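Q: The sequence isn't on hand, but the structure is:
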């Protein structure tokens, strides 16, 4: 099925649309519930004000992303790396600097 140059509201339920492609598509205010996006490739997207809840992001890879004002709460972050540095090492360095009187 192809949807080209249209303005529609799609209601997709109990469907398999794996290997689908979306290019130059406005999906603002779209809702996804109980969706398998494993191995999805997301490139040049505006995800501002996106809310992600009860998600499995294990082994996800983020590069060249603006994460300004991102809030992460109640998250499992074991093995998390930021710019090649483990989250644990970053927190340890922060605590050491704070103890030594750093900012």
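A: Everything's here; your move. In this text, all values refer to a predicted model and were calculated from it rather than measured experimentally. Residues are numbered from 1 along each chain as shown.
Q: Residues touching stretch 8-19, excluding its own?
A: 3, 36 (C-beta atoms under 8 Å, 6 or more residues apart in numbering). All C-beta atoms are positioned from the backbone trio N, CA, C, and that covers glycine.
Q: I'd like the mean pLDDT over that stretch, please.
A: The pLDDT scores in stretch 8-19 average 95.
Q: and it, how far out from the chain's middle?
A: 20 Å (C-alpha atoms, centre = their mean, to the nearest Å).
Q: before we move on, what about stretch 11-24?
A: Centre to centre, stretch against its chain (C-alpha atoms, centre = their mean), the figure for stretch 11-24 is 18 Å.
Q: Quick one: end-to-end distance for that stretch.
A: Terminal residues of stretch 11-24 are spaced 19 Å apart (C-alpha to C-alpha, to the nearest Å).
Q: shift numbering so it begins at 21
A: In the new numbering, first residue 21, that becomes stretch 31-44.
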